[in-house]
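Student: Quick one: sequence plus predicted model below, questions after.
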Amino acid sequence: MPELPEVETTRRGIEPHVVGHCIRALLVHEPRLRWRVAADLPARVAGQKIRAAGRRAKFLLLELERGTLLLHLGMSGNLRVVPADAPRGKHDHIDLVLDSGELLRFNDPRRFGSLLFTTGDPAVHPLLAALAPEPLGDSFDADYLWRITRQRRVAVKQLIMNSRLVVGVGNIYASEALFRARIRPGREARRLSRPETAHLVRAIRRVLTNAVKAGGTTLRDYVGADGTPGYFRQQLDVYKREGQPCRRCRTPIRRRVQGQRATYWCPECQK
DNA sequence: ATGGGCACCTGGCTGC
DNA sequence: TGCAGCCAGGTGCCCA
């Protein structure tokens, strides 16, 4: 699913439809998500105004007057703004009914997503507290990546997908960023040179930024808040391109499984 | 502390 | 056509 660019695209899409609006009702048609939706959640949020729509890592944060809704899209989730009378489809699990006549509709075939609520500071919520810096924020720089890679023997691809080290980078953009940085995904993290850590930081930031500009990557389930797909797929250099020629050197792109996830790279360009 | 593997769930696609 | 098997954008948890 949804990695940082898809979540950010969703956030930008829903923001103008929700901020300043009041929640009329929360309809939970299927509470069995990654974590069961609390039975008292509808009563707790009904009547509250949505103050802001934020994001932390891959979580969408809807800040209410008293508390914050934490929504995660999992692997296959999407959030759309639809008219209140739009017919429900398969896997439409949750509707947030707004006073505008629209609703936020959460659809998630695999139900790996989640909807949680906290009345405290969301930053200290157990699921957010241990999260690493944002890859597009100031604290994610070459010094930081250099420091956290020094003692680690894990493959660099697995390292950049570890949300305790850097958030937002999922399986697609990990492969893409490493191609851009010309680093092989299987390299031990501690073997990266100082210049390579700088290249990798720049590559991660550039790939994520470009993907946000394109509205994210749609492989199957993902659509933005207005129902349109993301267009970054056509810009992918390696992901899902096994056997196809590298866009730089024409060498066939390779695929292997690393940490139970598919990894793609160019054996010629990446060292 | 680090790292590996499993689990959670549904559905699309491939190949026999 | 049917069906088994594999694959998929995430990540918490358990174990070594």
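Tutor: Yep, that arrived.

Student: what's the following helix or strand after the strand or helix carrying A:L71?
Tutor: Remark: A:L71 resides in strand A:67-72, with elements defined by DSSP states H and E. Downstream of strand A:67-72, the next assigned helix or strand under DSSP H and E is strand A:78-83.

Student: Now tell me what touches that next one from outside.
Tutor: A:2, A:10, A:13-14, A:17-18, A:60, A:71, A:73, A:101-108, A:221-227 (CB atoms under 8 Å, 6 or more residues apart in numbering). All C-beta spots, glycine's among them, are computed from the backbone N, C-alpha and C.

Student: and what of stretch A:154-162?
Tutor: Residues contacting stretch A:154-162 (CB under 8 Å, 6+ apart): A:132, A:148-149, A:152, A:165-166, A:169-171, A:174-175, A:177-178, A:183-189, A:192, A:200, A:204, A:258-259, A:261, A:263.

Student: Around DNA strand B, pick out the residues from the stretch 51-200 of chain A.
Tutor: Counting by CB under 7 Å from any atom of the strand, the stretch 51-200 of chain A comes close to DNA strand B at A:76, A:90-91, A:109-112, A:151-155, A:158-159, A:189.

Student: so A:P42 sits in a helix?
Tutor: Yes. Counting by DSSP: H, G, I helix; E, B strand; the rest coil, A:P42 is located in a helix.

Student: how close does the residue lying closest to it once chain neighbours are set aside get to A:T10?
Tutor: Of all residues not flanking A:P42 in the chain, A:L26 sits nearest, at 4.2 Å (CB to CB, 6 or more residues apart in numbering). Distance from A:L26 to A:T10, counting by CB to CB, to the nearest Å: 18 Å.

Student: Repeat that for A:G216.
Tutor: A:G216 is 8 Å from A:T10, by CB to CB.

Student: A:L145 sits in which helix or strand?
Tutor: Going by DSSP H and E, A:L145 is in helix A:142-149.

Student: tell me the mean pLDDT over that helix?
Tutor: Computed over helix A:142-149, the mean pLDDT rounds to 98.
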